[in-house]
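Participant: structure for the following, please:
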Amino acid sequence: MLYWSGLLLLHLNANANILGHCSISQSRVARSVLHEVIFPLFDYTDVVIADQCPFNPKYDIYAVHEQMKNKISDYDWECQMCGKRFYTEKSFDSHIGNRHKINAYSQSRTICLASYCPLLRCSVLKPDFAYGNQMFWDEALCETGSFSDISKQCEDILNKCAPGNDSSHIQLHRKCLYEQFYTMSIFIWCI
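Facilitator: So this is what the prediction gives:
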């Protein structure tokens with residue numbers, strides 16, 4: 001019994017370091033960008049997200065936390081674990097962290113999606129998701145100087161998410177994914 005208690009404390013301490021520095025609200029925006037922009041590219045090109053991909057949902061530190069949430073209305077959030085209801089999403093988040101930490105955070109989930117916000121431009125795209133994809137940013141925001149650095153980062157991540165294979169069929173799908181991903185990168189950086 002003492003052994004299992006020690007393992008549980010070790011597990012909670014390891015995740016506490018990541019959770020303490022990972023913004024849940026920024027992670028939500030990054031997750032929205034991934035689900036609305038990036039993952040559909042993988043679906044469209046029939047490319048499976050690789051295990052080593054940092055965007056793989058199985059590594060998202062807040063994935064289970066988000067699955068525990070049931071949004072009934074803008075002012076009514078319900079915990080799927082215990083049925084308790086909250087007026088704000090922030091109150092719900094505090095509840096999960098205080099009452100269901102053991103169930104919500106797993107040692108295998110170690111990626112903070114908020115750390116990818118500079119690449120995904122969460123600060124620019126957040127208003128679009130909040131207002132039904134209403135595009136109000138013009139091309140003047142295109143930062144061509146930093147686009148080459150971002151393009152390299154995107155390519156590095158894409159190599160992790162869709163590694164090459166000898167099959168010509170897979171190479172064709174991967175090439176299509178690269179082209180779509182590049183187009184998406186321009187879209188995000190040159191709205």
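Participant: which helices and strands does the helix or strand where Glu78 lies pack with?
Facilitator: Assigned by DSSP states H and E, Glu78 belongs to strand 76-79. Here strand 76-79 touches strand 69-73, strand 85-86, helix 89-99, going by 3 or more CB pairs under 8 Å, 6 or more residues apart in numbering; DSSP states H and E. Bear in mind the C-beta positions are built from the backbone N, C-alpha and C, glycine included.
Participant: buried residues in that strand?
Facilitator: 77-79 (16 or more other CB atoms under 10 Å).
Participant: got a markdown table for those residues, with distance to Val33 and pLDDT too?
Facilitator: Below are the buried residues of strand 76-79 laid out as a markdown table (distance: CB to CB, whole Å; pLDDT from 0 to 100):
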| residue | distance to Val33 | pLDDT |
| --- | --- | --- |
| Trp77 | 22 | 91 |
| Glu78 | 26 | 95 |
| Cys79 | 26 | 93 |
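Participant: residues in contact with Leu113?
Facilitator: 26-27, 30-31, 34, 55, 60-62 (CB atoms under 8 Å, 6 or more residues apart in numbering).
Participant: could these be laid out in TSV, adding secondary structure, neighbour count and pLDDT?
Facilitator: Formatted as TSV, the contacts of Leu113 follow (DSSP: H, G, I helix; E, B strand; the rest coil; neighbours: other CB atoms under 10 Å; pLDDT from 0 to 100):
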residue	secondary structure	neighbour count	pLDDT
Gln26	helix	19	91
Ser27	helix	24	92
Ala30	helix	27	91
Arg31	helix	21	92
Leu34	helix	19	89
Phe55	coil	23	90
Asp60	strand	21	91
Ile61	coil	22	90
Tyr62	coil	24	89
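Participant: average pLDDT for stretch 111-123?
Facilitator: Stretch 111-123 shows a mean pLDDT of 85.
Participant: end to end on it, go ahead and measure it.
Facilitator: 19 Å (CA to CA, to the nearest Å).
Participant: got the phi/psi numbers for Ile49?
Facilitator: Main-chain torsions, Ile49, degrees, to the nearest 10: phi -70, psi 120.
Participant: scratch that, His100
Facilitator: Per degrees, to the nearest 10, the backbone of His100 is at phi -130, psi 30.
Participant: my guess is it contacts Phe92. True?
Facilitator: No. Under the criterion of CB atoms under 8 Å, His100 makes no contact with Phe92, lying 10.6 Å away.
Participant: those two: which is more packed in?
Facilitator: Phe92 (21 against 17; other CB atoms under 10 Å).
Participant: relative to Tyr105, how far out is the more buried one?
Facilitator: Distance, Phe92 to Tyr105, using CB to CB, to the nearest Å: 15 Å.
Participant: with that, I have no additional questions.
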